[in-house]
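Asker: could you work out the structure for the sequence below:
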Amino acid sequence: MAMRNVLVSGVFALGAIATSAPVWAACDDLRPTIPSSRYVMAGGEVYDTQTDLTWQRCSAGQNWMDAGGCAGEIEEFTWAQADDLAGDGWRLPTKDELITLISQACTPSVNPEAFPDMDVKKLWYWSSDQMDPDLAGLVYFDGGATFNGYRTSMNAVRLVRSGK
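Answerer: The predicted structure follows:
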């Protein structure tokens, strides 16, 4: 069972997320996942033609496999550790940028072809948004909720860069 400490609207909340294994749920036919045609996929990177952003296809801790897909486990980091992963043009995305990846219809809520091998137990992703010295922005990849989390909590990371 994964535990998350999250500050929601000024109230400290302790939430539990229990899942058995990383699996993809079926998407709602009325609100399907973001179509793959929106993305230009090239190896371990995916370019979003709608937002002019290039994303790493694998979460931090995973490696892109030439045969396709991400291998390894998604690692979780404090906000400072996540920020240290940035470099060579890669950076932590803003909350608004992360939300552009999310469809409300699926769990996880991102396109599985563009962003394969997500782990439903690790769906909180750091953003670059800083609320104060103790808090930074998080986006939940199961529906797109945004929260202000303690920078010392451990969460997943997906890096982005502007343009192609």
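
Asker: pretty sure Gly68 sits against Pro116.
Answerer: Yes - using Cβ atoms under 8 Å, Gly68 is in contact with Pro116, at 7.3 Å. (Glycine included, C-beta is placed from N, CA and C.)

Asker: neighbour count for those two, which is higher?
Answerer: Taking other Cβ atoms under 10 Å, Gly68 and Pro116 do not tie; Pro116 has more neighbours (18 against 12).

Asker: what pLDDT does the model give the nearest residue to the more buried one once chain neighbours are set aside?
Answerer: Leaving aside its sequence neighbours, Pro116 sits nearest to Gly69 (Cβ to Cβ, 6 or more residues apart in numbering; 4.8 Å). For Gly69, the pLDDT comes out at 95.

Asker: surely Gly69 and Met118 touch.
Answerer: No - the pair Gly69 / Met118 is not scored as a contact, 11.1 Å apart, by Cβ under 8 Å.

Asker: more neighbours: which of the two?
Answerer: Using other Cβ under 10 Å as the criterion, Gly69 and Met118 rank with Met118 on top: 25 against 13.

Asker: give me the element that one is part of.
Answerer: Assigned by DSSP states H and E, Met118 falls within no helix or strand.

Asker: from Trp64, how far out is the spatially most central residue of the chain?
Answerer: Nearest to the centroid of the C-alpha atoms of the chain, with distances taken as Cα atoms, centre = their mean, sits Tyr125, at 4.4 Å. To Trp64, Tyr125 is 18 Å away according to Cβ to Cβ, to the nearest Å.

Asker: quick one: the helices in the chain?
Answerer: According to DSSP state H, the chain carries its helices in the segments 79-84, 95-99.

Asker: need the winner for burial among those helices.
Answerer: Of all those, helix 95-99 has the most neighbours on average by mean count of other Cβ atoms under 10 Å, namely a mean of 19.

Asker: what does that one contact?
Answerer: Contacts with helix 95-99, where a contact means Cβ atoms under 8 Å, 6 or more residues apart in numbering, come from Thr51, Leu53, Tyr125, Ser127, Asp129, Gly137, Leu138, Val139, Gly144, Thr146, Arg158, Val160.

Asker: 7 Å instead, please
Answerer: If you take Cβ atoms under 7 Å, 6 or more residues apart in numbering as the criterion, helix 95-99 is touched by Leu53, Tyr125, Ser127, Asp129, Gly137, Val139, Gly144, Thr146, Val160.
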